[in-house]
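[1] 3D, please:
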Amino acid sequence: MFNFVNKSFDWVIKWANSKYSLLALIIFSFLESSISPFPIDFLLTAMCISNPRMSFVYASLASLFSVLGGIFSYIIGYLFMESIGLFIINFYGYGIEFESISSSFRNYNFIATLISAFSPVPYKVFAIGAGAVSADFIEFLVASALGRSARFLLNAFLFYVYGEKLKIYIDNNKILLTIIFIIFLILGIILIGVFF
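    Next up, the predicted model:
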C-alpha cells in the first residue's frame, strides 16, 4: 500500500509541475464534480506546494470549474436521470441511499448542497440528486459556489501562509495524511447514511 501511495503522490506531483498543470487542474476539477472518482484536492495541493504564491489562483480555478462540473451533474440528473444519472449513482454505490439523498433536496436543498460541496463525500451524487428532483437551481448554484470555494480557498490559504513548512510536513507524512483523508471520506459516507 505504501508503495502505491508514494507512486500516486509522485504521479500527481508530475502533473503539478508540468507545463499543462493549469489545464489539468481545470479538466480534473470539472470531471471530479461530474464523473471522475478522483478528488481534485491532491492535484490542487501539489500545485499549491509547487508555487504557494499562485495558491489563490489555483483554488479559484478549481472552484469555478468544479461548480461548472456540478452544474453538468445537475443537468444529468434533471434530463438524463434514468440513463446516465442512474449509471453514475450505481457506479459510486449509492443506489440504495439515492432516494433519501434526493429527498433531502426537497427539504434542505441549500444545506445538503453546501455540505456535499465542502465535504469529501461525492458532490456529483448530490448534484445529480438535486437535478433529479428539480431542486431550486439558484439555491443549488449559490450553495455549490460557497461550499467548493470554501473548501479550495482554505487549502490555498494554508499553503500561501505556511508554504514551505507545510510542504515539508506533507512530504514527511504522506501515508498518515492519506489515511486521515480516507477516514474523513468514510465518515462522510456514514453521515450521508445517518442524515439523509
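[2] what's the spacing between the strand or helix carrying residue 149 and its chain's center?
    Counting by DSSP states H and E, the element that carries residue 149 is helix 137-172. Chain-centre distance of helix 137-172: 11 Å, with Cα atoms, centre = their mean, to the nearest Å.
[3] That helix - what's its average pLDDT?
    Taken as a whole, helix 137-172 has an average pLDDT of 88.
[4] Show me which positions of that helix end up buried.
    139-141, 143-149, 151-153, 155-156, 159-160, 163, 166-167, 170 (16 or more other Cβ atoms under 10 Å). Where C-beta positions appear, they are placed from N, C-alpha and C, glycine not excepted.
[5] likewise stretch 172-182?
    177-178.
[6] from the chain's centre, how far out does that stretch sit?
    Counting by Cα atoms, centre = their mean, stretch 172-182 comes out at 17 Å from the chain centroid.
[7] Same check on stretch 53-67?
    12 Å.
[8] same check, this time on stretch 136-156
    The answer for stretch 136-156 is 11 Å, by Cα atoms, centre = their mean.
[9] cool, and stretch 121-137?
    Worked out by Cα atoms, centre = their mean, stretch 121-137 lies 14 Å from the chain centre.
[10] buried ones in it?
    121-133, 135.
[11] What of stretch 16-30?
    Residues 16, 21, 24-26, 28-30 are the ones in stretch 16-30 that count as buried (16+ other Cβ under 10 Å).
[12] any idea how far residue 131 is from residue 71?
    Distance, residue 71 to residue 131, by Cβ to Cβ, to the nearest Å: 9 Å.
[13] what does residue 107 give?
    From residue 107 across to residue 131, the span is 16 Å (Cβ to Cβ).
[14] Please apply the same query to residue 144.
    Residue 144 is 12 Å from residue 131, by Cβ to Cβ.
[15] The residue minimising distance to the centre of the chain: which element?
    Centroid check for the chain by Cα atoms, centre = their mean gives residue 39 as the closest residue, at 5.3 Å. Per DSSP H and E: residue 39 is located in neither a helix nor a strand.
[16] Phi first, then psi, for it.
    Backbone torsions for residue 39, taken as degrees, to the nearest 10, come to phi -70, psi 140.
[17] That one touches residue 32, doesn't it?
    Yes: here residue 39 reaches residue 32: they are 6.2 Å apart, a contact under Cβ atoms under 8 Å.
[18] how close does the closest residue to residue 128 other than its chain neighbours get to residue 97?
    Among residues not flanking residue 128 along the chain, residue 77 sits closest, at 3.8 Å (Cβ to Cβ, 6 or more residues apart in numbering). Noted for residue 77: a distance of 15 Å to residue 97, by Cβ to Cβ.
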